[in-house]
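Asker: When you get a sec, could you give me coordinates for this:
(one chain, ligands or ions: 1)
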Amino acid sequence: MSVTQLTREEREDALAALPEWRLRADGLAIERTFTFKDFSEAFGFMARAALQAEVQDHHPEWFNVYNRVQVTLTTHDAGGLSQRDVTMAKTMDALAG
Ligand SMILES: C[C@H](O)[C@H](O)[C@H]1CNC2=NC(N)=NC(=O)C2=N1
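Answerer: Okay, the predicted model is just below:
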């Protein structure tokens, strides 16, 4: 599937609209750590995000310990950041409340 990387300008605009996310040092991914009340809340978030990932055909890299979910978004098909990551980041922000 052809997906294109964001240009530097598009990336900067996207990050400005995603204040909770930071650009990974290599510039190829965005990252956010979500913290919830407990494991049940964290896993509920992951379950809802997983269903949305399927709908968007765009899957997160993530790591969960108890109430914490560390998320990395990158587009493998583009070899870096694409609009799909931005859309998924906004979806996750909305799901986390
Ligand atoms: C075939 C399938 O559509 C692709 O492999 C999709 C699935 N989910 C994906 N998820 C992410 N994060 N990046 C991709 O490039 C990607 N590609």
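
Asker: Check whether the strand or helix carrying E54 comes into contact with the ligand.
Answerer: Using DSSP states H and E, the element containing E54 is helix 39-56. No. For helix 39-56, no contact with the ligand is found by CB under 6 Å from any ligand atom; the gap never falls below 7.5 Å. Where C-beta positions appear, they are placed from N, C-alpha and C, glycine not excepted.

Asker: Residues contacting that helix, please?
Answerer: Contact partners of helix 39-56, identified using CB atoms under 8 Å, 6 or more residues apart in numbering, comprise 34, 36, 59-60, 62, 64, 66-69, 84, 87-88, 91-92, 95-96.

Asker: quick one: stretch 15-25 to chain centroid distance?
Answerer: Centre-to-centre, stretch 15-25 and its host chain are 10 Å apart (CA atoms, centre = their mean, to the nearest Å).

Asker: Check which residues of it are buried.
Answerer: 15, 18, 21, 23 (16 or more other CB atoms under 10 Å).

Asker: Just flag the most distant two among these.
Answerer: Greatest spacing in those, by CB to CB: L18 and L23 (9.8 Å).

Asker: Overlap in contacts, those two.
Answerer: Contacts common to L18 and L23, judged by CB under 8 Å, 6+ apart, are I30.

Asker: Check the gap between Q56 and T35 for me.
Answerer: To T35, Q56 is 24 Å away according to CB to CB, to the nearest Å.

Asker: scratch that, S82
Answerer: Going from S82 to T35 by CB to CB gives 27 Å.

Asker: Which one of these two is surrounded by more residues?
Answerer: More neighbours surround S82 than the other of S82 and T35, with 23 against 12 (other CB atoms under 10 Å).

Asker: Next up, the contacts around that one.
Answerer: 3-6, 75.

Asker: what do you get if the cut-off is 10 Å, keeping everything else the same?
Answerer: 3-6, 10-11, 14, 58, 73-76, 88 (CB atoms under 10 Å, 6 or more residues apart in numbering).

Asker: which of these are close to the ligand?
Answerer: Near the ligand, by the rule CB under 6 Å from any ligand atom, you find 58, 75-76 out of those.

Asker: Could you identify the buried members of these?
Answerer: Among the ones next to the ligand among the contacts of S82, those that count as buried by neighbour count (16+ other CB under 10 Å) are 58, 75.
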